[in-house]
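> what follows is a protein structure lacking sequence information:
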């Protein structure tokens, strides 16, 4: 990527400010590589999925009470 270039990955925008500085919309962290930024997006998606599964379990099995 070139400086000030943006790319979309799984609905998020990754912007390269300069060498070693990648910003992802919605994240407060500054990432050193493009791969780190992609890994953070993947981890956030996995966390959201796990939370949704837990919420579904609470709603269906426990009747909405925990």
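Yep, it's here. Model, not experiment: these values are computed from the prediction.

> how about the strands in this structure?
In the chain, the strands defined using DSSP state E lie at 6-9, 12-18, 21-24, 30-31.

> just the helices in this structure please.
Counting by DSSP state H, the chain has helices at residues 34-60.

> could you list the low-pLDDT ranges of it?
Confidence mapping of the chain against pLDDT under 70 gives the ranges 65-66.

> and the gap between the residue nearest to the spatial centre of the chain and residue 61?
Closest residue to the average C-alpha location of the chain: residue 41 at 2.6 Å, with CA atoms, centre = their mean. For residue 41, the distance to residue 61 equals 30 Å [CB to CB, to the nearest Å]. Every residue, glycine included, has its C-beta placed from N, CA and C.

> how near is residue 43 to residue 18?
As for residue 43, its distance to residue 18 is 24 Å (criterion: CB to CB).

> apologies, that question was intended for residue 29.
From residue 29 across to residue 18, the span is 16 Å (CB to CB).

> cool, residue 60 as well?
As judged by CB to CB, residue 60 and residue 18 stand 49 Å apart.

> and for residue 61?
For residue 61, the distance to residue 18 - CB to CB - is 50 Å.

> before we move on, what about residue 2?
Applying CB to CB to residue 2 and residue 18 gives a distance of 10 Å.

> just residue 10 next, same as before
From residue 10 across to residue 18, the span is 24 Å (CB to CB).

> ok so, going back, more neighbours: residue 29 and residue 18, which one.
Shown here are residue 29 and residue 18; by other CB atoms under 10 Å, residue 29 has more neighbours (11 against 8).

> the closest residue to residue 2 other than its chain neighbours and residue 47, how far apart?
Using CB to CB, 6 or more residues apart in numbering and skipping the chain neighbours, the partner closest in space to residue 2 is residue 16 (7.0 Å). To residue 47, residue 16 is 25 Å away according to CB to CB.

> neighbour count winner among those two?
Shown here are residue 16 and residue 47; by other CB under 10 Å, residue 16 has more neighbours (20 against 10).

> for that one, which residues are in contact?
Under the criterion of CB atoms under 8 Å, 6 or more residues apart in numbering, the contact list for residue 16 reads 1, 2, 3, 4, 5, 6, 22, 34.
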